[in-house]
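Q: Dropping a prediction and its sequence here:
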Amino acid sequence: MKKGYYIHFEGRSSVGVSKKIDMQMEEFSKYFEMKEIEIRATKRNMLQRIIGLFPSASIKRSYEEALRELDDPCFIYARRSVADHDYLYFWRQVKEYFPNCKVVIEIFTYPYDKDDFAKWNAWPFYIKERIYRPKLKKYVDRFVTYSADDMIFGIPTIRTTNGINVNAMRLVDGEYKEKLVTLIGVAYMQRQHAYERIIEGLSRYYQKKREYRVRLMLVGDGPEKKKYEKLTRKYDLEEYVDFYPVTSGEELDKLYDQADIALAAFGMYKVGYSEAVGALKTRECLAKGVPIISGSPIDVLEKDFPYALICSNDASAVDMEKVVSFFDSIRKRHMTKKDAAQTIRKLTEQRISNEHLMKPIIEYVMDERKREDA
């Protein structure tokens, strides 16, 4: 069996990225003898950190250790990192030692300059990027992108989107509650999630007496969580909003069973993003069979998909009356959550399956399909 290597730069420090690595490794392992390599930043003193900001300097990482682990690779699949001199030199060495090895790098967000380098203290790294990333075309065979770009920095792309192991996700269960709609948001709460739009929508909704109660469960941690807790107290919504710590496995499944609708991100406008989103969380919800509300279109769903409600991509409060109507339309079609969940999974399985979405990458690496640009 041919050997493949999955390289990431401390990707296990993020729960979401770690899950994605596991799913991709599982799929690659069906066809290759796979090994995961983590390239880590080495410890530096203050002087070394300052010197490292200069354009010709580099982030010190365990590149030499990674090179020693490579043994006749058929291909390397890597997650993108900031390009600097040593990063470029690493890929140059890979090609020198293993000229037949295909180097495929996943760019998980493109374009990424506004996201990665918007803050003033990121500018030294942006300068490095502008110097070194055009040179990657000498050593990188393909970029994997979730955008519609055929070429990035002079390198041909393989276009795909986020996928998951659908069969590993348990379908939601439980009963609908009379005159109650429960929303669930599971996330590392950052500004692009913008759950304040949901909380503000609840505040407006409860200014009048309502037939339906709307409840919100926010699960996880993150820099925006305190803001959401403060808003909940400000609007006297403690009766309707519950916060939970980071939760996983069976305990998270139980929380999903209580929910009727899952929340995607509502603040992509904050990062200047106006396209359809392909977040891993949307795939998980679809695989579990949970209807979704989102502040942006979801890339794998058509505009009139009956189990997704798409709101505006701006700062306005989410209209809870529309949310209740959306839920009511689903409940009229399905007697139970399980019935709705089975329908949602059946409709979306081929669109979100990791096996289906990674097929173009695996075919390229295995040379099973002729490509015009090969």
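A: Perfect, thanks for sending it.

Q: nearest spatial neighbour of Ala57, skipping sequence neighbours?
A: Distance criterion CB to CB, 6 or more residues apart in numbering; nearest residue to Ala57, sequence neighbours excluded, is Ile51 at 5.4 Å. In this view, the C-beta of every residue, glycine as well, is placed from N, C-alpha and C.

Q: Neighbours of that neighbour, how many?
A: 13 (other CB atoms under 10 Å).

Q: With Val300 instead?
A: Residue crowding around Val300 was assessed by other CB under 10 Å; the count is 21.

Q: Spit out the contact partners of it.
A: For Val300, the contact set (CB atoms under 8 Å, 6 or more residues apart in numbering) comprises 161, 278, 282-283, 286, 348, 351-352.

Q: domains for the chain, by residue range?
A: If the domains of the chain are taken from automatic domain parsing, they occupy 3-160+358-366, 167-352, with pieces of a single domain joined by a plus sign.

Q: Quick one: end-to-end distance for the last one.
A: Domain 167-352 has its terminal residues 11 Å apart, counting by CA to CA, to the nearest Å.

Q: List the buried residues for the longest helix belonging to the chain?
A: Longest helix of the chain, by residue count under DSSP state H: helix 337-352. Using 16 or more other CB atoms under 10 Å as the burial criterion, the residues of helix 337-352 that qualify are 337-338, 340-341, 343-345, 348, 351-352.

Q: And stretch 108-120, by the same measure?
A: 110, 117.

Q: I'd like the distance from it to the chain centre, please.
A: 15 Å (CA atoms, centre = their mean, to the nearest Å).

Q: how about the CA coordinates for that stretch, as CSV?
A: Written as CSV, here are the backbone C-alpha positions of stretch 108-120 (Å, rounded to 0.1, in the frame of the first residue of the first chain):
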residue,chain,number,x,y,z
PHE,A,108,-9.5,26.1,4.4
THR,A,109,-10.5,29.8,3.8
TYR,A,110,-9.8,31.7,0.6
PRO,A,111,-9.2,34.6,0.2
TYR,A,112,-7.8,34.7,3.7
ASP,A,113,-5.8,38.0,4.0
LYS,A,114,-8.6,39.9,5.7
ASP,A,115,-9.2,37.2,8.2
ASP,A,116,-5.6,36.4,9.0
PHE,A,117,-3.8,39.7,8.7
ALA,A,118,-6.4,42.4,9.5
LYS,A,119,-4.9,43.3,12.9
TRP,A,120,-1.9,45.6,13.0
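
Q: Could you list the residues in contact with that stretch?
A: With contacts defined as CB under 8 Å, 6+ apart, stretch 108-120 is touched by 79-80, 82, 122-123, 125-126, 129, 145-147, 149, 152, 271-272.

Q: Recalculate using a threshold of 6 Å.
A: Residues from elsewhere that reach stretch 108-120, judged by CB atoms under 6 Å, 6 or more residues apart in numbering: 126, 145, 147, 271-272.

Q: Separate out the buried members of these.
A: With burial judged by 16+ other CB under 10 Å, the buried subset of the contacts of stretch 108-120 is 145, 147.

Q: Restricted to helices, list the contacts of stretch 108-120.
A: Of the positions in the contacts of stretch 108-120, Tyr126 sit in helices, assigned by DSSP H.

Q: and the residue nearest to Leu263 when sequence neighbours are not counted, bridged to which residues?
A: Distance criterion CB to CB, 6+ apart; nearest residue to Leu263, sequence neighbours excluded, is Gly185 at 3.9 Å. For Gly185, the residues forming beta bridges with it (DSSP bridges) are Leu218.

Q: Report how many residues lie close to Gly185.
A: Once other CB under 10 Å is used to define contacts, Gly185 is seen to have 23 neighbours.

Q: In the stretch 1-150 of the chain, what residue spans correspond to strands?
A: With DSSP state E, counting those that start in this stretch as the definition, the stretch 1-150 of the chain shows strands at residue ranges 3-8, 33-38, 75-79, 102-107, 142-145.

Q: okay, those in a markdown table with distance to Met25 and mean pLDDT next?
A: Conversion of the strands of the stretch 1-150 of the chain to a markdown table gives the following (distance: least, CB to CB, whole Å; pLDDT from 0 to 100):
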| stretch | distance to Met25 | mean pLDDT |
| --- | --- | --- |
| strand 3-8 | 6 | 97 |
| strand 33-38 | 6 | 97 |
| strand 75-79 | 9 | 97 |
| strand 102-107 | 13 | 97 |
| strand 142-145 | 15 | 96 |
